[in-house]
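1. Pasted the sequence and its predicted model underneath.
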Amino acid sequence: MSPQDAAPDEPAELTVHCQDDRAVSVRFCDLFDEDPDCVHYAIEGRAAGLSARLDGVAAWNRGTDLAPFLEELSESFRGWDGERVWQTNDRDLTVRAVFRSGGHVGLTWTLRPWRTSVGSWEASVTTWLEAGEQMSTLAADVRHFLGQGAGRRE
């Protein structure tokens, strides 16, 4: 995972690669402001034989967004039982987190456009990261990416 250091005229993006298979990734891109309380972005999931893109994912400035969820996961680096789930208000992006022995977190990113008819399509990829430093870095990178929209979230 690494945020791209973009020049002011280049679009910001963030790519999360699975440590087990670098061909599996999630990419955050095309960030834009809609209003003072919200930014939108696209998210792309990639794996062997899969390339899916979801446009217009909304990130609200309410403290319940993806970055705080990832920060909570990084603070639980010793593990947890079961599954932890986060999703956007529109339910178009869902992230499911599981902990496995050896200190690794599996994040399953499910993309499902809410603006289309029920059952139109859904795609998921799972990225595996180290529970400690990689999860902390991901949380900070997501917070930074979303904060670039208007500079108000960092």
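-> It's in.

2. all helices for this protein, in order.
-> 66-75, 133-147 (DSSP state H).

3. so which of these gets nearest Pro113?
-> Closest approach to Pro113 among the helices of the chain (Cβ to Cβ): helix 66-75, 17.5 Å. C-beta: built from backbone N, CA, C; applies to glycine.

4. Which other helices and strands does the closest one contact?
-> strand 83-87, strand 93-100, helix 133-147 (3 or more Cβ pairs under 8 Å, 6 or more residues apart in numbering; DSSP states H and E).

5. Among the ones you listed, show me which one is buried the most.
-> Highest mean neighbour count of the helices and strands packed on helix 66-75: helix 133-147, a mean of 20 (counted as mean count of other Cβ atoms under 10 Å).

6. any idea of the mean pLDDT in that one?
-> Rounded to a whole number, the mean pLDDT of helix 133-147 is 92.

7. possible to save the helices and strands packed on helix 66-75 as TSV with distance to Ser74?
-> Shown next, in TSV, are the helices and strands packed on helix 66-75 (distance: least, Cβ to Cβ, whole Å):
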stretch	distance to Ser74
strand 83-87	12
strand 93-100	10
helix 133-147	4
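
8. which stretch among these comes nearest Glu34?
-> When the helices and strands packed on helix 66-75 are compared (using Cβ to Cβ), the closest one is helix 133-147, at 12.8 Å.

9. Tyr41 pairs with what?
-> For Tyr41, the beta-bridge partners under DSSP bridges are Val57.

10. so it touches Asp33, yeah?
-> No. Look at Tyr41 against Asp33 with Cβ atoms under 8 Å: they stay out of range, at 10.5 Å.

11. Which one's more surrounded, the two?
-> Tyr41 (23 against 13; other Cβ atoms under 10 Å).
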